[in-house]
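Asks: My questions are about this predicted structure, shown below with the sequence.
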Amino acid sequence: MSGVLPAAIAFFALGANLLGTLYLLLLQPRSRALRWFALFELDIMVWLGLQGWMYATASESPVLLSAFALSIHLLPLLFVMDALIDTRDIGLKPILGLLALAAVTSPLSLGAIHGDGGEVAELGAMIWQVVGWVLGSAIQVRREMPAALAQGARRKTRIVVLAFLLIVVPASVVLGWVTNDSFFVYAMPLVTVAIQIALFVGVTQLRFYDLESSSARRGELASDASALQRQAMVGELAASFAHEIRNPLTGVRSLAQRLAEEDVDEPARRRYAEVIVREVGRVEQIVADLLGVSRRAAARPASHGPTELAPLLDDLRILLAPRAERGGVEIRVHAGEAHVAASRETLAQAILNLMLNAVEHSPPGTRVELRADLADGFADIVVRDQGPGVEVADRERIFEPLYSLRGGSGLGLAVVRRIASESGWSVEVTDAPGGGAEFRLHVPLAAEIPAASGAT
């Protein structure tokens, strides 16, 4: 191997990748997915360094060739691992399994690079590269494409950048492997430079790796922080108020329409009327909260119940039944005899938002379950659906105001998180058994239970 131009190209690409990786790590040093991406980039830099050195020194040392072969062999593996970790929180066993697979197949790449493995080694190494890069791209495209296709600013830029990162690069690798070595020597190092340029565009314009939150933490927006915070609070307050008023009123309207248009027996009529009165009372309380927001704590001390869960959950089932039926969704409620240390109105507001979210994301013909699990002095109020679920990477962001995965208002779950925080509860989302999402609201049980059972 000899050649000044190939060596210069390789070392130039090495420098570009080093600077680009350091830039990303400085922006988000605690990101696990980004650390794995940095490991992938490190392997690229090893490959470029070895390639540049061998061309600069005209060396074909067996040791250098072996290291060069292994660095190329690990690239598709690290690309797949980075895609998996960026998409879902995989454990240690899958990582060890992939590393074992790479170790078993490494003789193929070694034989292909050294030229002593024959056609079997060359074919096997090519299959390893093609499958690895295509699989990694498929995982990344599945995760990123919905956001890229969503309406919004810089939509075209996002699509172009993602298409380059997730399709053009793997296609270039496959093309280079099935054609000849010249592509890897001259073109692929420059492709890695183009990757860094695309990442720079993504970071600065498309907010890859949450650049805006990192910038805010470093105080780059400090001069306008106070004014922006006031505007954000007013906007969020107004949007939340409209959202929370709409939820009970929609249920009340549905029940009133059913009473007016259907032949409802007397027990059901009384039950519907009770739910309507309670929900109208909750609307009044929301209005009172808004009017007294500046002196909220002094004006109305927080209520800690006790609240009986069974009638509350049944009220919410009745309130949401018309809406669920229109979407072809069944609601099932399982509530034992339990009282929690929580205000009935506040708890109903949180659970109603979780139920609405579940119903909206449930395909026709599926069901939403609402139940209470009791353990260790707490009640886990569980809302489980059979919808598309929530990716690990989105499980914190869905609780942020105005953030929505599928076109909703982005306020319901933010209200749930705020209520839980103010009340000393906790809320989390996980995968539901069999598919879908499962939200758990962790609420303490009441220390004292009233002698006469009933809602408070």
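Replies: Right, received. Where do you want to start?

Asks: From here on, just use CA atoms for contacts and neighbour counts.
Replies: Fine.

Asks: and the next element down the chain from the host helix or strand of residue 17?
Replies: Assigned by DSSP states H and E, residue 17 belongs to helix 4-27. The C-terminal neighbour of helix 4-27 among helices and strands, as given by DSSP H and E, is helix 32-57.

Asks: got the buried residues for that next one?
Replies: For helix 32-57, burial by neighbour count (16 or more other Cα atoms under 10 Å) applies to 33-56.

Asks: Now do the next helix or strand after it: which elements does it pack against?
Replies: Once helix 32-57 ends, the next helix or strand along the chain (criterion: DSSP H and E) is helix 62-87. With contacts defined as 3 or more Cα pairs under 8 Å, 6 or more residues apart in numbering; DSSP states H and E, helix 62-87 has these neighbours: helix 32-57, helix 92-114, helix 118-149.

Asks: coming back round to it: the inter-axis angle of the helix holding residue 17 versus helix 32-57?
Replies: 160 degrees (axes from the mean of the first three to the mean of the last three Cα atoms, to 10 degrees).

Asks: packing partners for helix 4-27?
Replies: Counting by 3+ Cα pairs under 8 Å, 6+ apart, the packing neighbours recorded for helix 4-27 are helix 32-57, helix 188-205.

Asks: Show me the one of the ones you listed that comes nearest residue 434.
Replies: Residue 434 sits nearest to helix 32-57 of all the helices and strands packed on helix 4-27, at 26.5 Å, using Cα to Cα.

Asks: quick one: low-confidence parts of the stretch 151-300 of the chain?
Replies: Using pLDDT under 70 as the threshold, the predicted model of the stretch 151-300 of the chain has low-confidence ranges 151-170, 173-183, 198-248, 282-300.

Asks: again, only using 80
Replies: Low-confidence segments of the stretch 151-300 of the chain, defined by pLDDT under 80: 151-188, 191-264, 269, 273, 277-300.

Asks: before we move on, back to that, let me know which of the helices and strands packed on helix 4-27 is the nearest to residue 9.
Replies: Among those, the nearest to residue 9 by Cα to Cα is helix 188-205 (6.7 Å).

Asks: just to revisit the earlier point, so which of the helices and strands packed on helix 4-27 gets nearest residue 416?
Replies: Residue 416 sits nearest to helix 32-57 of all those, at 27.3 Å, using Cα to Cα.

Asks: what's the closest one packed up against?
Replies: helix 4-27, helix 62-87.

Asks: Next, the angle helix 62-87 makes with it.
Replies: Using the same axes, to 10 degrees: helix 32-57 against helix 62-87 is 160 degrees.

Asks: quick revisit: would you list the helices and strands packed on helix 32-57 in a markdown table and tack on mean pLDDT?
Replies: Below are the helices and strands packed on helix 32-57 laid out as a markdown table (pLDDT from 0 to 100):
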| stretch | mean pLDDT |
| --- | --- |
| helix 4-27 | 81 |
| helix 62-87 | 84 |
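
Asks: ranking those helices by burial, who's on top?
Replies: Highest mean neighbour count among the helices and strands packed on helix 32-57 (mean count of other Cα atoms under 10 Å): helix 62-87, with a mean of 20.

Asks: Before we go further, residue 255 is sitting in a strand, right?
Replies: No: with DSSP: H, G, I helix; E, B strand; the rest coil as the criterion, residue 255 is assigned helix and is not in a strand.

Asks: Past the host helix or strand of residue 314, which element shows up next along the chain?
Replies: When secondary structure is defined using DSSP H and E, the element that contains residue 314 is helix 309-326. Toward the C-terminus, helix 309-326 is succeeded by strand 330-334 as the next helix or strand (DSSP H and E).
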